[in-house]
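Visitor: below is the sequence, then the predicted model.
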Amino acid sequence: MNNIYLETRAVLEKDMKIYDPDQAIKVGTIFKSLDVPYKDYKMPSLLPTTQKEALMLEIQEYGLFVHDLSLYLDVYPNDENAINLRKKYSKEYNDLINTFQSMYPPFSLASDEINKTPFPWSTTKFPWGGK
């Protein structure tokens with residue numbers, strides 16, 4: 001478990017229970033109280049097989065925390081602890097995106113990395129094969 005998760009847990013644990021990032025991405029929320037699984041739902045196994053997949057999974061985990069904390073702050077806009085946690089998760093999320101884009105083609109149309117010649121996506125293989 002990383003430090004940011006432990007810090008999040010310490011701050012929010014008094015009011016609500018939260019999942020760790022590995023579990024949260026599987027259920028779709030960081031808040032245990034909002035997890036109402038479908039009948040006979042089986043938890044997916046998320047096992048990245050490449051460095052690229054592992055980095056993308058980590059980006060998705062941090063993105064989920066940023067998103068859910070943002071929704072929490074819509075309801076509790078004066079929760080300074082949650083605001084500070086969201087800032088930390090946002091920074092880590094953006095750092096991970098920058099790391100990804102320094103190693104692989106950009107995955108966002110909003111990326112500055114996309115404004116290059118030749119167009120980045122035209123020089124790499126598509127995920128499903130060939131160019």
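Guide: In hand now; what should we look at? Numbers count the residues shown, from 1 in each chain.
Visitor: what ranges does this protein have for its helices?
Guide: 3-12, 21-27, 51-75, 80-103 (DSSP state H).
Visitor: who are the packing partners of the third one?
Guide: So the one you mean is helix 51-75. helix 21-27, helix 80-103 (3 or more CB pairs under 8 Å, 6 or more residues apart in numbering; DSSP states H and E). Just so you know, the C-beta spots here come from the backbone N, C-alpha and C atoms, and that holds for glycine as well.
Visitor: now that helix against helix 80-103, angle please.
Guide: Angle of helix 51-75 versus helix 80-103, following axes from the mean of the first three to the mean of the last three CA atoms, to 10 degrees, is 150 degrees.
Visitor: any low-confidence regions in this protein?
Guide: 1-16, 119-131 (pLDDT under 70).
Visitor: still on that earlier bit, can you list the helices of the chain in TSV and add distance to residue 113?
Guide: Listed next are the helices of the chain as TSV, based on distance: least, CB to CB, whole Å:
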stretch	distance to residue 113
helix 3-12	25
helix 21-27	25
helix 51-75	15
helix 80-103	5
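Visitor: could I get those helices as TSV with distance to residue 41 and mean neighbour count?
Guide: TSV is the format used below for the helices of the chain (distance: least, CB to CB, whole Å; neighbours: other CB atoms under 10 Å):
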stretch	distance to residue 41	mean neighbour count
helix 3-12	24	15
helix 21-27	9	18
helix 51-75	18	16
helix 80-103	26	16
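Visitor: wait, which of those is closest to residue 42?
Guide: Set against residue 42 and scored by CB to CB, the helices of the chain come closest in helix 21-27, at 10.2 Å.
Visitor: identify all contacting residues around that closest one.
Guide: Residues from elsewhere that reach helix 21-27, judged by CB atoms under 8 Å, 6 or more residues apart in numbering: 2, 5, 18-19, 30, 35, 37, 43-44, 46, 57, 60-62, 64-65, 68.
Visitor: run the last query once more with 10 Å
Guide: 1-2, 4-5, 8, 18-19, 29-32, 34-37, 41, 43-46, 57-58, 60-65, 68, 89 (CB atoms under 10 Å, 6 or more residues apart in numbering).
Visitor: no further queries at this time; thank you.
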